[in-house]
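>>> the following comprises the amino acid sequence and a computationally predicted model.
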There are 2 protein chains.
Amino acid sequence: MALAHKNLPCEARATRFTEIASIADGHQKTVPVLDDDGKIVGDSWAIAEYLENTYPDKPSLFGGASGRALTLFVQDWAIATLHIGLINLIVLDIFLSLSPADKEYFRTSREKRFGRPLEEVQAGREERLPAFRQSLQPLRMLLSGQEWIGGEGPLYADYTVFAPFQWARLVSNFPLLEEDDIIRAWFERCLDLYDGLGRKAQMAG
Amino acid sequence: MALAHKNLPCEARATRFTEIASIADGHQKTVPVLDDDGKIVGDSWAIAEYLENTYPDKPSLFGGASGRALTLFVQDWAIATLHIGLINLIVLDIFLSLSPADKEYFRTSREKRFGRPLEEVQAGREERLPAFRQSLQPLRMLLSGQEWIGGEGPLYADYTVFAPFQWARLVSNFPLLEEDDIIRAWFERCLDLYDGLGRKAQMAG
């Protein structure tokens, strides 16, 4: 989404967890990884900063220095509230969506992190769903007054919140949001951006 | 804080709940209210926007249009997470800090809102404190990498998060944050701003 925002053409390659070591220089531990004509950058935020600094004449991802600082708050909120909240609701769905090669790695590493089986982490999610939905209230309040987190148009702040929802959409049918949740309408707008780039996205099989 | 940020001299008047109707034009329902040479503006965000639009050559509160949009997210987070979280922990302390004239109004209006006595709302707060502290994690993450929510210097986004903490400081001794919480250091920096403006603040007696 950040590359499309900057009008930069790119080729996206879905990558399995267990294939990350084969990316580019072989030193990457996580996705996404950007290969910009041989310049390798890992980590979403580092990529966004790289793009903003390297292509300053293209549409801004942050909207200036203050916008950059405040975007970090949105990102930190997305990690602490949304990403972690989601994982606790759909971690078993994520596991079930993976290729056989990734399944063992994912179960072992995540069960070590959680200290219990994935089945137990996800159990009782219907009872925990209202609290998750409540935790999204700041986003709901914001979107009741403006179309995008970035205001009149989308910014990187939108993409950093879009990402966990997109991940969930691709691996789980669990209804994270109520049908009439204003966040859903915003998410659909995000999916429509850049000729429906988000709608075409697929996980590594 | 917004006025000081804009280098605008002002006279602050602490006002009791039950005196709000006596402010300026008599049409105000809440504080703060700004009287800028006869121009009356109520509501913190409306005041911030008024100051930004009326004094564009003074230091910016938002850092541009994108910064303004993203500041709203910080404000919505401060309301939904911090302000509401705080009220549930110190509402009885707030009551006890009020003048006799305000006490009846506050108890009646808040107990109607909560549907139960203030004593019950505040009860068991020690057990609820860890969840409140955990809800501040996005702020903690942000401040681990930058001095201010606004980045290199404070912006309105800082003041909108500062405000609920300042309110709590003035009416309650309950330790909302752990001693070594990085948010405390940021709060102290806020109190130091503008010749210690925040340290000098007092509630209406």
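Sure, I can see it.
>>> output the strand or helix carrying A:R107 as CSV - backbone C-alpha positions only.
Assigned by DSSP states H and E, A:R107 falls within helix A:100-114. Taking C-alpha atoms only, helix A:100-114 is exported to CSV below (Å, rounded to 0.1, in the frame of the first residue of the first chain):
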residue,chain,number,x,y,z
PRO,A,100,2.3,-27.9,5.8
ALA,A,101,5.9,-26.6,5.9
ASP,A,102,5.0,-23.6,7.9
LYS,A,103,2.6,-25.3,10.3
GLU,A,104,5.2,-26.9,12.5
TYR,A,105,7.3,-23.8,12.7
PHE,A,106,4.3,-21.6,13.6
ARG,A,107,2.9,-23.9,16.2
THR,A,108,6.2,-24.4,18.0
SER,A,109,7.3,-20.8,18.0
ARG,A,110,3.8,-19.4,19.0
GLU,A,111,3.1,-22.0,21.6
LYS,A,112,6.5,-21.2,23.2
ARG,A,113,5.5,-17.5,23.2
PHE,A,114,2.0,-18.0,24.6
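>>> quick one: the residue nearest the centre of chain A from A:A2, how far?
For chain A, the residue nearest the mean C-alpha position is A:A163 (2.1 Å; C-alpha atoms, centre = their mean). In this view, A:A163 and A:A2 are 10 Å apart by C-beta to C-beta, to the nearest Å. (C-beta placed from N, C-alpha, C; glycine too.)
>>> for A:T54, which non-adjacent residue is closest in space?
A:D36 (7.3 Å; C-beta to C-beta, 6 or more residues apart in numbering or on different chains).
>>> neighbours around that neighbour, how many?
15 (other C-beta atoms under 10 Å in any protein chain shown).
>>> show me the contacts for A:R110.
A:91, A:95, A:118 (C-beta atoms under 8 Å, 6 or more residues apart in numbering or on different chains).
>>> pLDDT score for the residue nearest to A:T54?
Looking at A:D36, its pLDDT stands at 95.
>>> now, which of the contacts of A:R110 sits nearest chain B?
A:V91 (19.1 Å; C-beta to the nearest C-beta).
>>> if we can go back for a sec, and the contacts of A:R110, which are buried?
A:91, A:95, A:118 (16 or more other C-beta atoms under 10 Å in any protein chain shown).
>>> now these in JSON lines, with distance to chain B?
Listed next are the buried ones among the contacts of A:R110 as JSON lines, based on distance: C-beta to the nearest C-beta, whole Å:
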{"residue": "A:V91", "distance to chain B": "19"}
{"residue": "A:F95", "distance to chain B": "25"}
{"residue": "A:L118", "distance to chain B": "22"}
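>>> what about the helix holding A:R107, average pLDDT?
So the average pLDDT for helix A:100-114 ends up being 95.
>>> same deal with stretch A:136-144?
Rounded mean pLDDT across stretch A:136-144 is 98.
>>> could you dump it to PDB, C-alpha only?
Written as PDB, here are the backbone C-alpha positions of stretch A:136-144 (Å, rounded to 0.1, in the frame of the first residue of the first chain):
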ATOM      1  CA  LEU A 136     -11.300  -0.200  18.800                       C
ATOM      2  CA  GLN A 137     -13.500   2.600  20.000                       C
ATOM      3  CA  PRO A 138     -10.800   5.400  19.400                       C
ATOM      4  CA  LEU A 139     -10.700   4.300  15.700                       C
ATOM      5  CA  ARG A 140     -14.500   4.300  15.500                       C
ATOM      6  CA  MET A 141     -14.700   7.800  17.000                       C
ATOM      7  CA  LEU A 142     -12.100   9.100  14.600                       C
ATOM      8  CA  LEU A 143     -13.900   7.600  11.500                       C
ATOM      9  CA  SER A 144     -17.200   9.000  12.600                       C
END
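>>> report whether that stretch contacts chain B.
Yes: counting by C-beta under 8 Å from any C-beta of the partner chain, chain B is contacted by stretch A:136-144 at A:137-139, A:141-142.
>>> for stretch A:180-196, same thing?
No: if you take C-beta under 8 Å from any C-beta as the test, stretch A:180-196 misses chain B, and the best it gets is 12.4 Å.
>>> buried residues in that stretch?
A:181-184, A:186-187, A:189-191, A:193.
>>> which residues does that stretch contact?
By C-beta under 8 Å, 6+ apart, stretch A:180-196 touches A:1, A:4-5, A:133, A:136, A:139-140, A:143-144, A:147-149, A:154, A:158-159, A:162, A:165-166, A:177-178, A:198-199.
>>> again, only this time at 6 Å
Residues from elsewhere that reach stretch A:180-196 (C-beta atoms under 6 Å, 6 or more residues apart in numbering or on different chains): A:4, A:139-140, A:143-144, A:162, A:165, A:177, A:198-199.
>>> just the buried members of the residues you listed?
Buried, going by 16+ other C-beta under 10 Å: A:4, A:139-140, A:143, A:162, A:165, A:177, A:198, out of the contacts of stretch A:180-196.
>>> tell me how many other residues surround A:L61.
A:L61, neighbours per other C-beta under 10 Å, totals 27.
>>> next to chain B, which bits of chain A? Give me the list.
A:63-64, A:66-67, A:69-70, A:72-74, A:76-77, A:80, A:137-138, A:141-142, A:150-151, A:155, A:157 (C-beta under 6 Å from any C-beta of the partner chain).
>>> what about those residues, which are in helices?
Using DSSP state H, the subset of the residues of chain A next to chain B located in helices is A:64, A:66-67, A:69-70, A:72-74, A:76-77, A:137-138, A:141-142, A:157.
>>> hang on, the earlier thing: I'd like the next helix or strand past the helix holding A:R107.
In N-to-C order, the element after helix A:100-114 by DSSP H and E is helix A:118-122.
>>> nearest residue to A:K39 in space, ignoring adjacent ones along the chain?
A:Y50 (7.7 Å).
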